[in-house]
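Colleague: return atomic coordinates for the entry below.
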Amino acid sequence: MFTATADFYRNFRQDEIYKDPLVAKVARYLWENLGDDITLTGILRKFSVNKNTLNEAFNNEMSMSCMAYLEQLRVNLAKKMLQFSDYSISEISSTCGYKDVSYFSKVFKKHTGQTASEYQKYMKDLC
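Modeller: The predicted model follows:
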């Protein structure tokens with residue numbers, strides 16, 4: 001139920017969640033393309049905006065840059081997958097948009113304080 005509600009808000013209520021229309025459009029794009037190779041340059045081109053404008057909008061709305069927001073989304077997806085799926089770390093890394101598993105591991109540990117394997121084991125032991 002929670003996942004369905006979260007998906008509804010994520011996919012259909014972006015304009016109501018974010019005050020800034022640019023943030024709403026970019027956030028929706030990021031959600032819809034988490035597994036793709038998303039770069040700052042690609043986002044700037046796609047939305048015809050400069051880096052300062054984009055990051056100022058995100059900082060005002062979310063207190064973080066656009067790319068930090070993308071990283072947070074990816075780590076949250078990875079946490080969900082580690083907890084509720086039987087995919088390997090490599091498969092999860094790829095699904096979350098990280099082609100390099102060791103880089104994914106560094107990012108994941110930076111955000112959670114645990115390696116992906118430690119997190120997965122801990123979450124499975126809770127159930």
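Colleague: can you list the domains in this structure?
Modeller: Here the domain parsing of the chain from automatic domain parsing is 2-71, 76-126.
Colleague: tell me the mean pLDDT over the first one?
Modeller: Mean per-residue pLDDT for domain 2-71: 86.
Colleague: tell me the SS of residue 36?
Modeller: coil (DSSP: H, G, I helix; E, B strand; the rest coil).
Colleague: what's in contact with the helix or strand where residue 111 lies?
Modeller: In this structure, residue 111 sits in helix 101-112 according to DSSP states H and E. Here helix 101-112 makes contact (Cβ atoms under 8 Å, 6 or more residues apart in numbering) with 71-72, 74-75, 78-79, 89-90, 92-93, 96, 98, 114-116, 119. The C-beta positions use only the backbone N, C-alpha and C, and glycine is treated the same way.
Colleague: what's the burial count for the residue lying closest to residue 114 once chain neighbours are set aside?
Modeller: Spatial nearest neighbour of residue 114, excluding adjacent residues (Cβ to Cβ, 6 or more residues apart in numbering): residue 122 at 6.9 Å. The number of residues packed near residue 122 is 13, by other Cβ atoms under 10 Å.
Colleague: thanks a lot, see you next time.
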